[in-house]
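**Q** Sequence and computational prediction follow.
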Amino acid sequence: MPFIKTDFPDLLVFEPAVFGDDRGYFFESYNQSLFAKEGIDIKFVQDNQARSMYGVVRGLHYQKGASAQTKLIRTLEGSILDVVVDLRDGSPTKGKVFSIELSAQNKKQLLVPKGFAHGYSVLTETAEVMYKCDNFYDKASEGGVLFNDPALNIDWKIPADKMILSDKDKVYPVYANCIHGFVFLEKK
């Protein structure tokens, strides 16, 4: 089974079947029918790709309201520590942090549902990250959580003096002060 459930409701790790031989390898990074068989019916509308150098920390980001996004994240080159925080009111994992190393080598992907703040740190000299989104980017709907909120105690696996952040990521509110409107709806 290519989908691994985490302790966080609806947050899944996807490990595609990789077929390799002396020529290299092949795998389906996304297959709509495979996802649908698992009850994951998502219409992705936008692909994003970012290249960053060691020490870059991007996040923690989310989009609010009707612009909220589900994301399927993977690494094309290098390695990242992918980090999410469950923001959903009523979720059994609200306020908890999940992290996983995604790399070009392990080919793992993280399916992040709406209601999570998302970010990553670059652990190798460079990393190229690609992610699918089920909603278009909307600047007016941006939100975020401060990357170094002491209450979350996230270990980004990068020394503080080596971290490279955008100005925006340095000034987001701490988790306790985030206004987002996400609510966890338990599946029946």
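**A** Ah, there it is.
**Q** Which parts of this protein are strands?
**A** For the chain, strands defined by DSSP state E occupy the ranges 3-5, 12-14, 18-21, 24-27, 46-53, 57-63, 71-77, 79-86, 97-103, 109-112, 116-122, 126-133, 142-144.
**Q** quick one: which of those is nearest Val183?
**A** strand 79-86 (11.8 Å; C-beta to C-beta). Using the backbone N, CA and C atoms, a C-beta is placed for each residue, glycine as well.
**Q** Which neighbouring elements make contact with the closest one?
**A** Counting contacts by 3 or more C-beta pairs under 8 Å, 6 or more residues apart in numbering; DSSP states H and E, strand 79-86 is packed against strand 57-63, strand 97-103, strand 109-112, strand 116-122, strand 126-133.
**Q** What strands line up against the longest one, and which way round?
**A** This means strand 126-133. strand 46-53 (antiparallel), strand 71-77 (antiparallel) (DSSP bridges).
**Q** Low-confidence stretches in the chain?
**A** Counting by pLDDT under 70, the chain contains low-confidence ranges at 1, 188.
**Q** looking at it, which residue lies furthest from center?
**A** In the chain, counting by C-alpha atoms, centre = their mean, Asp22 sits farthest out from the average C-alpha position, at 32.3 Å.
**Q** Would you mind measuring from it to Asn106?
**A** According to C-beta to C-beta, to the nearest Å, Asp22 and Asn106 sit 21 Å apart.
**Q** circling back: Provide a list of residues in contact with the residue farthest from the centre of the chain.
**A** By C-beta atoms under 8 Å, 6 or more residues apart in numbering, Asp22 lies in contact with nothing.
**Q** Skip the chain neighbours and tell me the closest residue to Ala16.
**A** Not Ala; residue 16 is Pro. Phe27 (4.5 Å; C-beta to C-beta, 6 or more residues apart in numbering).
**Q** Next, count neighbours for that neighbour.
**A** Around Phe27 sit 13 other residues, with neighbours defined as other C-beta atoms under 10 Å.
**Q** hang on, isn't it packed against Glu15?
**A** No - using C-beta atoms under 8 Å, Phe27 is not in contact with Glu15, being 9.7 Å away.
**Q** All set, thanks.
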